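A.B. asks: what would the 3D arrangement of this be:
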Amino acid sequence: MSNPTNLLHVIRDLLAQKSPRNALLLYNQFRRQNVCNLDVTPLIFKACSCLSLKNHGKSLHAESVKYGVDFDVMVGTSLLGMYSKCGEIVDARKVFDNMPQRNVITWNAMIAGYLIGGDTMAALSLFEAMPERTVVTWNEMIRGFAVMGDTAMARELFDQVNVEMRTVVTWTVMVDGYARNGMMEAAREVFEGMPKRNCFVWSVMINGYCKIGEVEEAKAIFYRTPVRNLVIWNSLVSGLARNGFCEDAIDAYREMQVDGFEPDEVTVTSVLSACSQLGCLDVGKEVHLSICEKGIKFNQFVLNGLVDMYAKCGDLNTARSIFEGMRQRNGTCWNSMITGFAVHGKCQEAVEFFYQMETESVKPDEISFLSVLSACAHGGLVQEGLNIFSKMEKYGVKAGVKHYGCIIDLLGRGGRLKEAFDLVKSMPMRPNDTIWGTLLGACRVHSEATLAEEALEDIVHMDSRNGSHYVLLSNIYADSDRWDKAEEIRTAMLDKGIEKTSASSSCMFGIRNSNF
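C.D. replies: Numbers count the residues shown, from 1 in each chain. Got it, this is the predicted structure:
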């Protein structure tokens with residue numbers, strides 16, 4: 001492509017289509033002519049920003065110096081923006097300081113760079129030195145402080161904005177700032193004071209209430225919305241699914257289509273999560289078919305959602321088929337498969353997938369370990385479980401109470417009660433009722449009354465009033481025909497006012513309904 005004007009239009013179109021890599025490839029072909037185009041260069045810096053190609057950006061910087069275009073205000077602004085987004089804020093400031101001319105866009109880009117890096121004080125210092133401010137400047141400052149959690153400073157800036165410059169976007173940025181920090185009362189106060197509202201601010205309020213679990217408030221906002229779009233519907237569907245209102249999420253998914261809105265990747269991912277939590281395979285299959293029929297893109301989130309849904313619903317063959325057909329597999333889909341195998345009793349397969357995950361250099365996280373350790377416990381794979389548990393430190397994953405619970409369950413089922421008890425005593429956190437219940441349950445299975453008595457002493461010191469522990473010990477005595485001891489325990493329960501409760505199990509330690 002020899003025509004610079006055509007090159008400019010094509011590269012601009014490629015960036016608009018979110019294809020920065022193709023834009024760079026095309027530019028590199030054009031560059032062989034040893035020409036540096038003043039109009040194209042800012043777009044190429046933008047492409048480098050999108051791809052975080054710092055080194056490539058630096059070579060283009062050197063090239064712009066060679067051809068003397070680095071002093072152009074547009075080139076300089078794009079250059080410092082590239083350095084900022086690549087985390088090179090010192091280089092960005094050098095470019096800013098050396099520019100012979102700056103416009104308000106240049107100042108905004110430098111402020112945005114500081115805010116991206118979390119340096120709010122440097123941003124504020126530059127903001128105060130600005131010769132001119134625009135609506136964009138104020139919005140960036142308010143958003144930046146809110147993102148860092150400093151809503152007080154964000155509000156102070158919001159209150160300083162002149163009335164004529166306080167656009168609907170400015171109001172929305174302030175509402176979003178409060179909502180992202182869970183401050184919904186303050187968000188509601190600003191929201192209700194808005195002279196006019198856009199669709200985005202309605203979705204911000206719905207998301208904000210769902211984030212703090214106030215689903216009824218989110219629904220109330222939704223039904224007040226004068227004009228709904230797909231973003232607002234998605235906010236409701238995803239919020240319902242995240243909060244466990246899965247049947248409502250599926251109903252909303254169907255209602256939005258009746259209302260004339262076609263689902264997208266965000267919608268189907270949320271509905272698949274709802275199906276996973278409900279174990280509703282039929283609806284999940286219906287959603288899968290809809291994805292194919294409507295041509296919805298099978299991106300990473302959709303594919304992860306399908307794998308998770310099929311795995312949680314027990315259709316492990318389909319889950320595995322989709323999993324193996326994925327070009328890229330992240331930790332989320334690996335966890336879905338391991339959890340699916342664990343939940344549905346395919347313990348050896350869960351372990352094999354964990355090892356395969358390691359082989360493919362995908363770092364396991366706390367969910368990976370919890371799922372595979374649970375599988376080991378239920379499959380009686382004692383040595384495998386202990387070996388895997390020992391790897392947690394290697395991967396920088398801190399063992400939580402649920403991980404310890406799985407190992408105690410594993411040792412208990414294997415009859416290694418002394419090891420299990422020693423582990424309970426050495427845990428870095430205080431054992432909870434489930435941990436003690438797991439140990440006592442194993443003691444009953446293996447008729448180990450002596451160790452159960454020791455455990456109960458610790459439980460008493462912990463001041464636990466969980467009646468199931470006393471019931472378990474009483475049953476242990478009864479199983480070994482020590483009726484006098486069994487009666488002593490029941491009398492002690494009455495004296496302490498402890499009510500009889502059913503014994504709890506550590507089974508799966510809550511992984512069945514984990515949302516990845």
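A.B. asks: alpha carbons only for contacts and neighbour counts from here, please
C.D. replies: OK.
A.B. asks: next SSE downstream of the helix or strand that contains residue 107?
C.D. replies: Under the criterion of DSSP states H and E, residue 107 resides in helix 104-116. Using DSSP H and E, the helix or strand that follows helix 104-116 towards the C-terminus is helix 120-129.
A.B. asks: hey, what's the angle from the helix holding residue 107 to helix 120-129? Just curious.
C.D. replies: 160 degrees (axes from the mean of the first three to the mean of the last three C-alpha atoms, to 10 degrees).
A.B. asks: which residues of the stretch 301-450 of the chain score low on pLDDT?
C.D. replies: Low-confidence segments of the stretch 301-450 of the chain (pLDDT under 70): none present.
A.B. asks: how about the stretch 1-150 of the chain?
C.D. replies: Judged by pLDDT under 70, the stretches of the stretch 1-150 of the chain that qualify are 1-5, 31-38, 70.
A.B. asks: where do the strands sit along it?
C.D. replies: Remark: no strands are assigned in the stretch 1-150 of the chain by DSSP state E, counting those that start in this stretch.
A.B. asks: show me where it has helices.
C.D. replies: 4-16, 20-31, 41-51, 54-66, 73-85, 89-98, 104-116, 120-129, 135-147 (DSSP state H, counting those that start in this stretch).
A.B. asks: just name the most buried of those.
C.D. replies: The highest mean neighbour count among these, using mean count of other C-alpha atoms under 10 Å, belongs to helix 73-85: a mean of 25.
A.B. asks: of all the helices of the stretch 1-150 of the chain, which one is nearest residue 220?
C.D. replies: Closest to residue 220 of the helices of the stretch 1-150 of the chain is helix 135-147 (C-alpha to C-alpha; 25.4 Å).
A.B. asks: so which elements touch the closest one?
C.D. replies: When contacts are defined as 3 or more C-alpha pairs under 8 Å, 6 or more residues apart in numbering; DSSP states H and E, helix 135-147 sits against helix 104-116, helix 120-129, helix 151-160, helix 168-180.
A.B. asks: same list (these) but as JSON lines, adding distance to residue 237.
C.D. replies: Listed next are the helices and strands packed on helix 135-147 as JSON lines, based on distance: least, C-alpha to C-alpha, whole Å:
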{"stretch": "helix 104-116", "distance to residue 237": "30"}
{"stretch": "helix 120-129", "distance to residue 237": "35"}
{"stretch": "helix 151-160", "distance to residue 237": "28"}
{"stretch": "helix 168-180", "distance to residue 237": "18"}
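A.B. asks: give me the contacts around the helix holding residue 107.
C.D. replies: 73, 76-77, 80-81, 84-85, 89, 92-93, 96, 120, 122-124, 126-127, 130, 132-134, 136-137, 140-141, 144-145 (C-alpha atoms under 8 Å, 6 or more residues apart in numbering).
A.B. asks: and the closest residue to residue 179 other than its chain neighbours, how many neighbours does it have?
C.D. replies: If the residues on either side of it in the chain are set aside, residue 179 comes closest to residue 208, at 4.9 Å by C-alpha to C-alpha, 6 or more residues apart in numbering. Per other C-alpha atoms under 10 Å, the neighbour tally for residue 208 reads 28.
A.B. asks: next one: residue 182
C.D. replies: 16.
A.B. asks: which stretch among the helices of the stretch 1-150 of the chain comes nearest residue 308?
C.D. replies: helix 41-51 (29.3 Å).
A.B. asks: and the contacts of the closest one?
C.D. replies: Contacts of helix 41-51 (C-alpha under 8 Å, 6+ apart): 11-12, 15, 20-21, 23-24, 27, 54, 56-57, 60, 64, 74-75, 78-79, 81-83, 85-86.
A.B. asks: now the angle from that helix to helix 20-31?
C.D. replies: 140 degrees.
A.B. asks: out of the helices and strands packed on helix 135-147, the one nearest residue 278 is which?
C.D. replies: Closest among the helices and strands packed on helix 135-147, using C-alpha to C-alpha: helix 168-180, at 28.2 Å.
A.B. asks: the closest one packs against which elements?
C.D. replies: If you count contacts as 3+ C-alpha pairs under 8 Å, 6+ apart, helix 168-180 packs onto helix 135-147, helix 151-160, helix 184-192, helix 199-211.
A.B. asks: format those as CSV; extra columns: distance to residue 308.
C.D. replies: CSV is the format used below for these (distance: least, C-alpha to C-alpha, whole Å):
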stretch, distance to residue 308
helix 135-147, 31
helix 151-160, 37
helix 184-192, 32
helix 199-211, 22
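A.B. asks: of these, which is nearest residue 321?
C.D. replies: helix 199-211 (33.6 Å).
A.B. asks: show the average pLDDT along the closest one.
C.D. replies: Average pLDDT, helix 199-211: 97.
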